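Undergrad: following is a predicted model, sequence given first.
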Amino acid sequence: MQHILEELECRRAQARLGGGEKRIASQHAKGKLTARERIEVLLDEGSFEETDMFVEHRCTDFGMENQKIPGDGVVTGHGTINGRLVYVFSKDFTVFGGSLSGAHASKIIKIQKMALQNGAPIIGVFDAGGARIQEGVESLAGYADIFLQNTLASGVIPQISVIMGPCAGGDVYSPAMTDFIFMVRDTSYMYVTGPEVVKTVTNEVVTHEDLGGARVHAQKSGVADGAFDNDLEALAQIRRLIDFLPLSNRDRPAPRKTFDDAMRDEASLDSLVPANPNKPYDMKELILKVVDEADFFEISPDYAKNIITGFGRLDGQTVGVVANQPQVLAGVLDIDSSRKAARFVRFCDAFEIPLVTFVDVPGFMPGTKQEYGGLIKHGAKLLFAYAEATVPKLTVITRKAYGGAYDVMSSKHLRGDVNYAWPTAEIAVMGAKGAVEIIFRAEAKDPEALAAREAEYKARFANPFVAASRGYIDDVIMPHGTRRRLIKALKTLKNKQLSNPWKKHDNIPL
Ligand code: HXC
């Protein structure tokens, strides 16, 4: 009996060693943790239960029958994050470069199915060289099977991808179909085809970093929702993010006990908006002062900074915050900011996370670059996302809410539940100057007359009261009471019931 138990321990130890000590040392030398170390950091201590530790590949080509490593390049299982169940798979670069074989794919699919069935988030950690080259089509089939599971799970359980090394070829599309992608600076990169192929096909010479590093995807392409300095920081932040989220669309995010007073006033907010409407201010200050304990998990902080998206809590309840940022491009809606916010709004709606929208938007970005890029369709994404969302929707207009952008930003007309405005709000078709230049064009040569018209337009429309008189704004509130008012409003919406007409699915402008 004893020797059988010892054999188990021996087999386990061998599996835990992955591709061997030399490759583990090389992984560490690159500043990366191993697949198992990452899981240890990510999950609560001692909570990890591993599945399929002894799975081996089935390939018999190219001498592969003599190279079998238990686990086959991916560590899978489940555990907890602050006591809540999550499923995880972590690619082991020390085993055939983490490449995907048929057996490796089956392990991931098993975990995906369990996560979906049991209603718990799935976190994938990527550090791999794509399809197992020795396996050919079995590997491609494995990828497709994973993609299918990603699609079926979308909107049912949160799916999070963390890129901690190479992520190329077939490996990129599973993360792309998940809810959030995070990367590690300097050690991770993501691309469909690598620098060598790029050079052959397009003659372009580019490094891994410049083609698909964390900076590229977190700032330029928007593929990644955040970038962190190292593995440890990234994993700690994923733990933090999971705390904000529900386990599935059948669950509500666990309310968190807060020591922040729900009735707290913030006197400094009364002077946040500058007297000059063209002067910027930092919308993040408002968010941090309103949410519990200034705890805000920002999504895509370095991409399309003219809009802010992220998770916070109001009296312990998770909310998704969307806010125009007047500090960047005056908070205008353009292609990138519309796409960024639309995706975030849809995530929140899918997972019953109430939306809080802070509005200071001068409109949509004019210009050929935007129009040629399809601003109409991309702007419509955000409009569509807000319109279809049935979660509680709270809106606060702090300053400008001009034109179509007023409609888009969770307005009453798109079924905003509680819409507030600060006294500094200006709800109009456009700014006073632009407006009078159009409607009083005949007086264009008389600057004095034009100035008088501008003052008249401002007095008439550059305020929240016209909208309030129509009931489009439920109340004009004092800035200092914003937290208190939002928390009260959110409580009234606890049992909100609203559904859209039956359909197979909608046809959001893509
Ligand atoms: C099998 C692989 C592998 C792969 C790496 N390895 N990629 N084995 N299949 N795809 C093995 C290497 O042979 C090596 O084994 C070990 O992993 C480490 O690889 P290195 O090249 O030494 O590491 P490094 O220099 O860090 O380079 C990492 C890398 C490179 C950039 C990822 O390995 C690479 O370019 N790999 C191939 C990438 C690729 O073309 N994949 C196929 C994409 S096509 P030893 O034994 O020496 O440790 C694809 C199509 C799917 O994915 C489409 C589905 C939709």
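TA: Right, received. Where do you want to start? Worth saying up front: this structure is predicted, and the values here are computed from it rather than measured. Residues are numbered from 1 along each chain as shown.
Undergrad: OK, contacts around the closest residue to the ligand within the stretch 351-500 of the chain?
TA: Among all residues of the stretch 351-500 of the chain, K381 sits closest to the ligand, at 25.6 Å; criterion: CB to the nearest ligand atom. Bear in mind the C-beta positions are built from the backbone N, C-alpha and C, glycine included. K381 makes contact with 338-339, 342, 508-510, according to CB atoms under 8 Å, 6 or more residues apart in numbering.
Undergrad: for these, could you give me TSV that also reports neighbour count and secondary structure?
TA: Shown next, in TSV, are the contacts of K381 (neighbours: other CB atoms under 10 Å; DSSP: H, G, I helix; E, B strand; the rest coil):
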residue	neighbour count	secondary structure
S338	25	helix
R339	21	helix
A342	24	helix
I508	14	coil
P509	13	coil
L510	7	coil
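Undergrad: ok, the residues you listed vs the ligand, which is closest?
TA: The closest of those, once distances to the ligand are taken by CB to the nearest ligand atom, is L510, at 20.0 Å.
Undergrad: list the contacts of that closest one.
TA: In this structure, L510 makes contact with 377, 381, judged by CB under 8 Å, 6+ apart.
Undergrad: how near is D61 to I473?
TA: Distance, D61 to I473, by CB to CB, to the nearest Å: 68 Å.
Undergrad: so which of those two has more stuff around it?
TA: Ranked by neighbour count (other CB atoms under 10 Å), D61 and I473 place I473 first, with 26 against 9.
Undergrad: quick revisit: what helix or strand is the residue of the stretch 351-500 of the chain closest to the ligand on?
TA: K381 is part of helix 375-388, with elements assigned from DSSP states H and E.
Undergrad: cool, and D360?
TA: strand 355-361.
Undergrad: the closest residue to I477 other than its chain neighbours bridge partners, please.
TA: Closest residue to I477 apart from its sequence neighbours, by CB to CB, 6 or more residues apart in numbering: Y420 at 4.8 Å. Per DSSP bridges, the residues bridged to Y420 are V396, D475.
Undergrad: ok, Y420 touching D475?
TA: Yes - between Y420 and D475 there is a contact at 5.6 Å, judged by CB atoms under 8 Å.
Undergrad: and for the two, which residues touch both?
TA: R485.
Undergrad: hang on, the earlier thing: can you read off the pLDDT for the residue of the stretch 351-500 of the chain closest to the ligand?
TA: K381 carries a pLDDT value of 98.
Undergrad: quick check: nearest residue in space to it, chain neighbours excluded?
TA: Nearest one to K381, counting by CB to CB, 6+ apart, is A342 at 3.8 Å.
Undergrad: could you do H57 as well?
TA: H57 sits nearest to S101 (CB to CB, 6+ apart), 4.3 Å away.
Undergrad: on that earlier part again, who's more crowded, Y420 and D475?
TA: Neighbour count, other CB under 10 Å: between Y420 and D475, Y420 has more, with 23 against 12.
Undergrad: end-to-end on stretch 358-376?
TA: One end of stretch 358-376 to the other measures 22 Å (CA to CA, to the nearest Å).
Undergrad: hmm, who's touching it?
TA: 283, 286-287, 321-324, 326, 329-335, 338, 379, 395-406, 409-410, 430-431.
Undergrad: any chance of a ChimeraX selection covering the buried ones in the residues you listed?
TA: Command for ChimeraX that selects the buried part of those, burial taken from 16 or more other CB atoms under 10 Å:
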select :283,286,287,321,322,323,324,326,329,330,331,332,333,334,335,338,379,395,396,397,398,399,400,401,402,403,405,406,409,410,430,431
